[in-house]
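S.K.: with the sequence up front, the predicted model follows.
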Amino acid sequence: MSHDDEIEPRLGKPHATPIRRGRSYRGLVLQAANLAGGIRTAGGRRGRFQGNRSGVGIGVGRVLASRDRFAAFRQRRVMVKSRIVRLGRTKGMDAARAHLRYIQRDGVTREGTPGQLYSAGEDRGDGKAFLERQSGDRHQFRFIVSAEDGEQYAELRSLTRRLMTQMEQDLGTKLDWVAVDHFNTGHPHSHIVVRGKDERGHDLVIGREYLTGGIRERAAELVSLDLGPRTDIEIGERLQREIEQERLTSIDRHLLRGMDQDRTVIATDRDPFQQSLRAGRLRKLERLGLADEIEPGRWSLSEGMDDVLRRMGERGDIIRTMQRAFSAQGLARAATDYVIADPATMKALVGRVVERGLSDEFHDRHYLIVDAADGRSHYVDIGSGEATNAIPAGALVRIEPKPAAARGVDRTVAEIAAAHGGRYSIDIHLGHDPHASQSYAETHARRLEAMRRTMGGPDREADGTWRITPDHVEQAALFEARLAKAAPVIVETLSTLPLARQVDSDGATWLDRQIAGADPEPLRDAGFGRDAREALARRRQWLIEQGLARQEQGHIVLRANLLATLRRRELARVGGQLSHELGLGYSEARPGERIEGVYRRPVDLASGRYALIEKSREFTLVPWRPLLDRHVDKQVSGVMRGDAINWTIGRQRSGPSIS
């Protein structure tokens, strides 16, 4: 039955071609706006309307952003970071699940215990149920809320709940959210995850103004209500401290806003206090080489001054982080020995891990502080936390920059595809190169699959054949550059044992590899280098006492096959311990032997990390590879090749291999 008041709007000129059905109303509005000439920008130019000014909370966000600037000095400051994460594919939900695990990780509370998930009405939130409700959602919102005076709160849960209630009022809808409070940094903060659906089940689109400023203003209101506004004395003291700071300050921002087109400012101000701030800060900028007094009371600011000050602030934060890390371990280092590693120019370094921490908790960026063999202390950005396995403090590592260039496998694929009409497959590869093995060709196929999942190409046909474009090598280089951005360095764990425990270990330690190696690591007589030299001298003496070396005419003569002997000693000892624990017999793996069984777990030894392979009535320990951890409790097989092993996952001989 039809009614007179039921209409369907059709946008466009009269008698124009009907608009295709099935488009959303928002899409029709965007199309009509663009057909009408778009919108006018602040400069009077026309531009396309992309919908970036749409979403709930725009009005509230604009009102909050337009408040009196001076009120911000009196209001308590709060930092809010916001991020919209797409969930459409399985990979997105996997990332959401990993994020919940990450914010609930161990050591984030004041007591050093795992974080506790909570919601609007539950003190112990159900993360699994929250993720199940998001199944099929397009996106989710992630926020970090950190009050400048957050340490004055006994707990942050009440503040977070009141903030989320205020957000619901501003956005006009109930929000489905969970949060975890963290106290493991200098500024206590809350991680909040909000489902991307409103209470009616529609996609929740929050306006940009509210995301960038509205939430921060609402949080600052609540903190100011709890702790009271900042007094004139607090404001004055904070501004006076900014005069000598080597970072971008609020005084600098005020100077930059007031400069002329030729980048000049004046030091005078009607307010004597403000004038003293401006004059003092300009003198500090002059000492930093960022400002020049061109005439009395008139100053010129350097081009890019704000970027330089930001970098100086970041460097200062890093140096203070390094100082705290060494102080916590009772170590002292000169300020000139601190190095901030740049992956673009750094050389490989070997050293002892002093601390691993978070440089950017929102994007899960981690760092390592390494006391290196060159006698200096290095701060290294290692990228995403998932890219590097857990490394205990005191462990020895080797770090080198990750090359952002195409690999040999990429050039091989391009060469084979060029000879076969732009096609590549394992069968084509084996036919093109009769000497290539099945596992070698599968390595190339896995590389192509990784590129496809990350970059959307190359294309794979139903029969498993890949269509390779002529610029495949260039695309592979872009793929490597993207990987290097997420993990800019390669971190190799040389030993999980600290130097002191290696001295009398019965395994083949890093110290032994230094003693027996043809190209030992150069050691400077400072920091870790000095400690390593002392440990090497004590290890040589231990080897002599054990009959594994002798001293002749002032030189140390090592027993033949020293490393293999030490390795077998440790494996026999640990194998006996595990045999008692597991109730299975221990079988030593021999070179050339085929190993078949179920991979259970890794075992860290002085000789390195080994994989525990369980058979029907016995088990063995063989060299571990990182990819094995994806196949815990699965059948694996492989052949021992000296100190390494070529793995095959699954029972079938032709299955994917790990070489």
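M.R.: Alright, I've got the coordinates. Residues are numbered from 1 along each chain as shown.
S.K.: count the residues that sit near the nearest residue to Ile340 once chain neighbours are set aside.
M.R.: Once its chain neighbours are removed from consideration, Ile340 has its nearest residue in Tyr379; the separation is 4.9 Å (Cβ to Cβ, 6 or more residues apart in numbering). All C-beta atoms are positioned from the backbone trio N, CA, C, and that covers glycine. Here the neighbour count serves as a burial measure; for Tyr379 (other Cβ atoms under 10 Å) it reads 22.
S.K.: what's the average pLDDT for the helix or strand hosting Tyr379?
M.R.: According to DSSP states H and E, Tyr379 maps onto strand 377-384. Here the mean pLDDT over strand 377-384 is 91, rounded to a whole number.
S.K.: so for whichever helix or strand comes after that strand, what's the average pLDDT?
M.R.: Past strand 377-384, further along toward the C-terminus, the next helix or strand under DSSP H and E is strand 396-401. The average pLDDT for strand 396-401 rounds to 95.
S.K.: same question for the helix or strand just after strand 396-401, mean pLDDT?
M.R.: Using DSSP H and E, the helix or strand that follows strand 396-401 towards the C-terminus is helix 408-418. The predicted model assigns helix 408-418 a mean pLDDT of 94.
S.K.: point out where this protein drops to low pLDDT.
M.R.: Scanning the chain for pLDDT under 70 picks out 1-55, 59, 61-74, 89-91, 649-659.
S.K.: mind listing what the residue nearest the centre of it touches?
M.R.: Central residue of the chain (Cα atoms, centre = their mean): Ser384, 2.3 Å from the mean position. With contacts taken as Cβ atoms under 8 Å, 6 or more residues apart in numbering, Ser384 has the following neighbours: Asp364, Arg365, His366, Ala486, Ala487.
S.K.: so can I have a markdown table of those residues showing secondary structure, neighbour count and distance to Ala147?
M.R.: Rendered in a markdown table, the data for those read as follows (DSSP: H, G, I helix; E, B strand; the rest coil; neighbours: other Cβ atoms under 10 Å; distance: Cβ to Cβ, whole Å):
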| residue | secondary structure | neighbour count | distance to Ala147 |
| --- | --- | --- | --- |
| Asp364 | coil | 18 | 22 |
| Arg365 | strand | 15 | 22 |
| His366 | strand | 20 | 24 |
| Ala486 | helix | 15 | 30 |
| Ala487 | coil | 19 | 32 |
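S.K.: buried ones in the helix ranked longest in the chain?
M.R.: Scanning the chain for the helix with the most residues, using DSSP state H, yields helix 305-328. For helix 305-328, the neighbour count (16 or more other Cβ atoms under 10 Å) marks Met305, Asp306, Val308, Leu309, Met312, Ile318, Thr321, Met322, Ala325, Phe326 as buried.
S.K.: check contacts around the fifth one.
M.R.: This means Met312. The contact partners of Met312, taken as Cβ under 8 Å, 6+ apart, are Glu246, Arg247, Leu288.
S.K.: for those residues, which one is nearest Arg157?
M.R.: Comparing those against Arg157 with Cβ to Cβ picks out Arg247 as the nearest, at 32.0 Å.
S.K.: show me what contacts the nearest residue to that closest one once chain neighbours are set aside?
M.R.: Ranked by Cβ to Cβ, 6+ apart and with sequence neighbours excluded, the top spatial neighbour of Arg247 is Gly313, at 2.9 Å. Residues in contact with Gly313, defined by Cβ under 8 Å, 6+ apart, are Gln245, Glu246, Arg247, Leu248.
S.K.: possible to save those residues as JSON lines with neighbour count?
M.R.: Listed next are the contacts of Gly313 as JSON lines, based on neighbours: other Cβ atoms under 10 Å:
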{"residue": "Gln245", "neighbour count": "16"}
{"residue": "Glu246", "neighbour count": "14"}
{"residue": "Arg247", "neighbour count": "15"}
{"residue": "Leu248", "neighbour count": "19"}
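S.K.: any chance of these in TSV, plus secondary structure?
M.R.: Converted to TSV, those look like this (DSSP: H, G, I helix; E, B strand; the rest coil):
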residue	secondary structure
Gln245	coil
Glu246	coil
Arg247	coil
Leu248	coil
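S.K.: can you report phi and psi for Met640?
M.R.: phi -70, psi 130 (degrees, to the nearest 10).
S.K.: wait, doesn't it sit right on Gly592?
M.R.: Yes - applying Cβ atoms under 8 Å as the test, Met640 and Gly592 come out as touching, 6.1 Å apart.
S.K.: neighbour count winner among these two?
M.R.: Neighbours of Met640 and Gly592, each counted by other Cβ under 10 Å, are more numerous for Met640; the result is 18 against 9.
S.K.: for that one, name its beta-bridge partners.
M.R.: Ile645 (DSSP bridges).
S.K.: for it, give me its contacts.
M.R.: Applying Cβ under 8 Å, 6+ apart, one finds that Met640 lies in contact with Ala589, Arg590, Pro591, Gly592, Glu593, Arg594, Ile595, Val622.
S.K.: state the distance from it to Arg568.
M.R.: Between Met640 and Arg568 the distance, using Cβ to Cβ, to the nearest Å, works out to 14 Å.
S.K.: again, but for Thr249
M.R.: Relative to Arg568, Thr249 is positioned 62 Å away (criterion: Cβ to Cβ).
S.K.: where's the closest residue to Gln502 other than its chain neighbours relative to Gly608, distance?
M.R.: If the residues on either side of it in the chain are set aside, Gln502 comes closest to Thr509, at 4.0 Å by Cβ to Cβ, 6+ apart. For Thr509, the distance to Gly608 under the criterion Cβ to Cβ works out to 10 Å.
S.K.: what is in contact with these two at once?
M.R.: The overlap between the contact sets of Thr509 and Gly608 (Cβ under 8 Å, 6+ apart) consists of Ser495.
S.K.: those two: which has the busier surroundings?
M.R.: When Thr509 and Gly608 are compared for neighbours, Thr509 comes out ahead with 28 against 20, by other Cβ under 10 Å.
S.K.: quick check: the more buried one touching Glu570?
M.R.: No - applying Cβ under 8 Å as the test, Thr509 and Glu570 come out as separate, 9.4 Å apart.
S.K.: name the residues contacting each of the two.
M.R.: Here Thr509 and Glu570 share the contacting residues Ala606, Ser607, scored by Cβ under 8 Å, 6+ apart.
S.K.: now the helices for the stretch 151-300 of the chain?
M.R.: Assignment of helices within the stretch 151-300 of the chain using DSSP state H, counting those that start in this stretch yields the ranges 157-171, 208-209, 215-227, 232-242, 250-258, 272-287.
S.K.: got a list of contacts for the first one?
M.R.: Counting contacts by Cβ under 8 Å, 6+ apart, the residues outside helix 157-171 that touch it are 56-57, 60, 118, 120, 123, 145, 147, 153, 174-175, 177, 179, 181, 190, 192, 198, 204, 206, 210, 214-215, 218-219, 222-223, 226.
S.K.: would you confirm that the residue nearest to Ile340 contacts Ala325?
M.R.: No - using Cβ under 8 Å as the test, Tyr379 is too far from Ala325 to be in contact (9.2 Å).
S.K.: common neighbours of the two, please.
M.R.: Shared contacts of Tyr379 and Ala325, counting by Cβ under 8 Å, 6+ apart, come down to Ile369.
S.K.: per-domain residue ranges of this protein.
M.R.: The chain is divided into the following domains under automatic domain parsing: 1-39, 58-226, 233-303, 408-486, 564-658.
S.K.: of those domains, which is nearest Pro522?
M.R.: Of all the domains of the chain, it is domain 564-658 that lies closest to Pro522, at 22.6 Å by Cβ to Cβ.
S.K.: just give me how far that closest one sits from the chain centre.
M.R.: Per Cα atoms, centre = their mean, to the nearest Å, the displacement of domain 564-658 from the mean C-alpha position of its chain is 31 Å.
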